[in-house]
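Q: The amino acid sequence is not available; the structure is as follows:
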């Protein structure tokens, strides 16, 4: 079976799920749907790791140049955040009796809020590291797409600040706030622009690290 054909649809599905999950339980009439989506995302990450197992098997081989170190930091960041999300999600899951969790519920909520926002940024960096490959597959070339990315990234800076992601990332905001006046569609567009922002930053840092090594 050609696993390369699975990678792009899998990555798109994981990204869409991540954006939906960042909206908390607002989109869903039942909290359990949010939890099921979260567990599904973890399962997809396991599949993603299996499909990319060659990268993990080569961790202790060869030299570590700046770009490879960047890859390692970003990928480990994603995995560590995903691990904390999985643990906190299970602690808050509807099928786990509250008596079993006890006082850990507050810790789980705080951890989930922190890990989810760090995960989102690391995920955007991860996408940026593969931007060249993605652009080649969908045949995006020329200066126009780059200018569009830069313009979206500039809006992404505004969205990152306006949505208060930095507050969640550093524990300054203890509870998730959804601005109902702005609506869900604008929320999705804002969070897409944030992916583009950090993906673009990651892409150009990677280009800087690999310059002159072709």
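A: Thanks, I have it. Source: prediction; values computed, not measured.
Q: In this structure residue 206 contacts residue 128, no?
A: Yes. Using C-beta atoms under 8 Å, residue 206 is in contact with residue 128, at 7.0 Å. (Each C-beta comes from the backbone N, C-alpha and C, glycine too.)
Q: Please pull out the lowest mean pLDDT helix or strand from this protein.
A: In the chain, no helix or strand scores lower on mean pLDDT, DSSP states H and E than helix 131-137, which sits at a mean of 70.
Q: Name the next helix or strand downstream of that helix, please.
A: helix 143-162 (DSSP states H and E).
Q: buried residues in the helix or strand immediately after that next one in the chain?
A: As assigned by DSSP H and E, the chain's next helix or strand after helix 143-162 is helix 165-169. In terms of neighbour count (16 or more other C-beta atoms under 10 Å), helix 165-169 has its buried residues at 165, 168, 169.
Q: wait, which of those is closest to residue 201?
A: Set against residue 201, the nearest of the buried residues of helix 165-169 by C-beta to C-beta is residue 165 (14.1 Å).
Q: ok, now how distant is that closest one from residue 193?
A: 12 Å (C-beta to C-beta, to the nearest Å).
Q: Helices of the chain, start to end?
A: Taking DSSP state H to define them, one finds helices in the chain at 4-22, 31-51, 53-57, 66-92, 98-101, 104-129, 131-137, 143-162, 165-169, 183-210.
Q: So the nearest residue to residue 178 once chain neighbours are set aside versus residue 39, what's the distance?
A: Closest residue in space to residue 178, ignoring its immediate chain neighbours: residue 26 at 4.9 Å, by C-beta to C-beta, 6 or more residues apart in numbering. Distance, residue 26 to residue 39, by C-beta to C-beta: 19 Å.
Q: buried set for stretch 41-59?
A: Using 16+ other C-beta under 10 Å as the test for burial, stretch 41-59 gives 41, 44, 45, 48.
Q: I should have written stretch 102-113 there, sorry.
A: Those would be 108, 109, 111, 112, 113, for stretch 102-113 by 16+ other C-beta under 10 Å.
Q: ditto for stretch 156-167
A: Within stretch 156-167, the residues scored as buried using 16+ other C-beta under 10 Å are 156, 159, 160, 163, 165.
Q: Make a markdown table from those and add distance to residue 183 to it.
A: Formatted as a markdown table, the buried residues of stretch 156-167 follow (distance: C-beta to C-beta, whole Å):
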| residue | distance to residue 183 |
| --- | --- |
| 156 | 18 |
| 159 | 14 |
| 160 | 18 |
| 163 | 13 |
| 165 | 18 |
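Q: Measure how buried residue 190 is and give me the count.
A: 21 (other C-beta atoms under 10 Å).
Q: no no, residue 69
A: Neighbour count for residue 69, taken as other C-beta under 10 Å: 11.
Q: Could you report the separation of it from residue 211?
A: From residue 69 across to residue 211, the span is 16 Å (C-beta to C-beta).
Q: try residue 115
A: Going from residue 115 to residue 211 by C-beta to C-beta gives 33 Å.
Q: Mind checking which of these two has more residues around it?
A: Here residue 115 and residue 211 are set side by side on neighbour count (other C-beta under 10 Å), and the busier one is residue 115, at 22 against 9.
Q: so what's the more buried one closest to, chain neighbours aside?
A: Spatially, and ignoring its direct neighbours in sequence, residue 115 is nearest to residue 84 (3.9 Å; C-beta to C-beta, 6+ apart).
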